[in-house]
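[1] sequence unavailable; structure follows:
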């Protein structure tokens, strides 16, 4: 126990020294990075080699996209732009297993990832594709080039007259020189961080399974109330659209520092609440031209991503793409109605195969039918929903804890501030 406490204190002292701009014993500083003296400097051109095989056959080489959040993934219809390409020559680049893909424009934001699937694919010709040419660990190298320390470095190296168009060209990237651990230490670091990934993956799977189980139980209960009567939505409640002064883009309508929360579709979260903070805040000048929504109100999106529902947890103003329920004509539990509306829109999406419902009018919504059980059954149902949501919320908090733990551990191991024999 004493040895462990001493080691923890040693690591803490090391971190404090580095945070104060000092270099601990056994370390040195290069390019602003503090690293162990036994790590060897190497240029990326000794580790990576560009792969530039161009093709046009996306049936043989399925088209993938690079995302900051999920890495190299199959291109969705949302991002499909191949119909814009009119040139006859090959327009895409081949990507093989364990190849790296990066976007020069967004490298400083984390647009770099390793392709993990086995089958060859293709990506936009704008991306750079490269592979490892020696025995360096692919997982370690991906973690290293995506680390926060490297993102900070990319920011210092990006070129371009306009900040929003600054980029790191591959010709720059391949010449970067950094101190890296031995292959044996790379393997150990990769093993530790991949274990973190596995824990995170299992937590994500648990959340998905638990959510499916809860939805199944709620569906069974919802379809088997003892007594229920069908009403149109206009028989149940009054509702109106939000509003906002036009045109949208005038700066005087917004006040990021002192304005009031302005809810748009984006701000309605997946947990039936608003996001903690709204993307925009409106100014005193815009307030009279919008619609006030008090805390505890039921709202639903009717344009864009329709059917997103929430009970507001703070006072706000709403956009014209959102409806607020202003008055109820039946004995209603809001949480029950929220779930019923969500089910209603899910059903509408199911019966529209191959189509995307992008908007729905207030008039059409008025005629939607909802089964309304007794208020006692509504309240019982709402209690079950709250219990289920609380369980999911706790699981999501655990997941976020493990993600932050991995992030902190990555930063320490990938810089050598903590060595693998100290973990």
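    Structure's in. What do you need? Since we're looking at a predicted model, the values are computed, not measured.

[2] for stretch 272-292, how far is the first residue from the last?
    Criterion Cα to Cα, to the nearest Å; first-to-last residue distance in stretch 272-292 is 19 Å.

[3] nope, stretch 235-249 is what I meant
    OK, stretch 235-249 end separation, Cα to Cα: 37 Å.

[4] got a list of contacts for that stretch?
    Outside stretch 235-249, the residues within contact range by Cβ atoms under 8 Å, 6 or more residues apart in numbering are 233, 253, 262-263, 282, 286, 289-291, 293, 302, 317-330, 332, 337, 362, 365, 370, 372. Any C-beta I mention is one placed from the backbone N, CA and C, and that applies to glycine too.

[5] can we see that at 7 Å?
    253, 286, 289-291, 318-320, 322-330, 332, 362, 370, 372 (Cβ atoms under 7 Å, 6 or more residues apart in numbering).

[6] what comes up buried for that stretch?
    Buried residues in stretch 235-249, counted by 16 or more other Cβ atoms under 10 Å: 236, 237, 239, 241, 242, 244, 245.

[7] cool, stretch 220-235 as well?
    Quick answer for stretch 220-235 (16+ other Cβ under 10 Å): 222, 225, 228, 231, 233.

[8] quick one on the thing from earlier: just the buried residues of stretch 235-249: which are in strands?
    Members of these lying in strands (criterion: DSSP state E): 237, 239, 241.

[9] tell me the one among these nearest to residue 92.
    Nearest to residue 92 among those, counting by Cβ to Cβ, is residue 241 at 43.9 Å.

[10] what are the ranges of the strands in the stretch 1-150 of the chain?
    With DSSP state E, counting those that start in this stretch as the criterion, the stretch 1-150 of the chain has strands at 27-30, 33-36, 40-43, 48-50, 54-55, 64-67, 71-74, 92-95, 100-102, 112-114, 121-124, 128-132.

[11] chain center to the last one: distance?
    It refers to strand 128-132. Put simply, strand 128-132 sits 25 Å off its chain's centre (Cα atoms, centre = their mean, to the nearest Å).

[12] what about stretch 201-216, average pLDDT?
    For stretch 201-216, the mean pLDDT works out to 92.

[13] and it, what's buried?
    203, 207, 214.

[14] and if you look at stretch 377-394?
    Result for stretch 377-394 [16+ other Cβ under 10 Å]: buried residues 377, 378, 380, 381, 382, 385, 388, 389.

[15] list just the nearest of those residues to residue 17.
    Among these, and counting by Cβ to Cβ, the member closest to residue 17 is residue 389, at 45.2 Å.

[16] need phi/psi at that closest one.
    Recorded main-chain torsions at residue 389 are phi -60, psi -40, according to degrees, to the nearest 10.

[17] same list, the buried residues of stretch 220-235, but as CSV with secondary structure and distance to residue 65 please.
    Formatted as CSV, these follow (DSSP: H, G, I helix; E, B strand; the rest coil; distance: Cβ to Cβ, whole Å):
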residue, secondary structure, distance to residue 65
222, helix, 37
225, coil, 45
228, strand, 46
231, strand, 45
233, helix, 39
